[in-house]
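Colleague: Quick one, fold the following:
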Amino acid sequence: MKVIFSFVPPGGGEQDYQLEFDLPAIPQPGDYIKIMRDGEDGEASYIVRRTCWNLTCSTSKKDLKSIVVEAEFAKGAFLDSASHTLSVESYASRGFQVKAFDSSTY
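Modeller: Modelled structure (predicted):
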């Protein structure tokens, strides 16, 4: 199932960027998302805020247009990538309340 992730500042706000993935299920609010990218040490960490189901409806057809999962930047439990750490620190310096993964997260 195709899921579009909309990555937003801590606490929500204007989208920073988005990525699309094929997933076996829809992430739920509070879920931790870790993305590892080729060529980078560490990962990018996010916490799911909400899901938006975009539907279409006409007299002859009703369809799912897209599923958008809003996820906010967060501090990972272990090694975040340098670029993700820079983004999180930038948000924190501007007064955003950055959440962190529990230290028991693997």
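
Colleague: So what's the gap between the helix or strand harbouring Leu55 and the chain middle?
Modeller: Per DSSP states H and E: Leu55 is located in strand 44-57. Distance of strand 44-57 from its chain centroid, counting by Cα atoms, centre = their mean, to the nearest Å, is 9 Å.

Colleague: Repeat that for stretch 47-61.
Modeller: The chain centroid and the centroid of stretch 47-61 are separated by 18 Å, computed with Cα atoms, centre = their mean.

Colleague: Can we start the residue count at 44 from this point?
Modeller: Got it, first residue is 44 now, which makes that one stretch 90-104.

Colleague: Check which residues of it are buried.
Modeller: Going by neighbour count (16 or more other Cβ atoms under 10 Å), the buried part of stretch 90-104 is 90-92. To be clear about C-beta, it is placed using only N, CA and C from the backbone, and glycine gets the same treatment.

Colleague: for the closest residue to Ser126 other than its chain neighbours, phi and psi?
Modeller: Spatially, and ignoring its direct neighbours in sequence, Ser126 is nearest to Glu83 (6.9 Å; Cβ to Cβ, 6 or more residues apart in numbering). When read as degrees, to the nearest 10, the backbone of Glu83 gives phi -120, psi 140.

Colleague: you'd agree Glu83 is up against Asp123?
Modeller: No: if you go by Cβ atoms under 8 Å, Glu83 and Asp123 don't touch, sitting 9.9 Å apart.

Colleague: re earlier: including pLDDT and distance to Pro67, could the buried residues of stretch 90-104 go into JSON lines?
Modeller: Output for the buried residues of stretch 90-104, formatted as JSON lines (pLDDT from 0 to 100; distance: Cβ to Cβ, whole Å):
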{"residue": "Ile90", "pLDDT": "97", "distance to Pro67": "20"}
{"residue": "Val91", "pLDDT": "98", "distance to Pro67": "15"}
{"residue": "Arg92", "pLDDT": "98", "distance to Pro67": "21"}
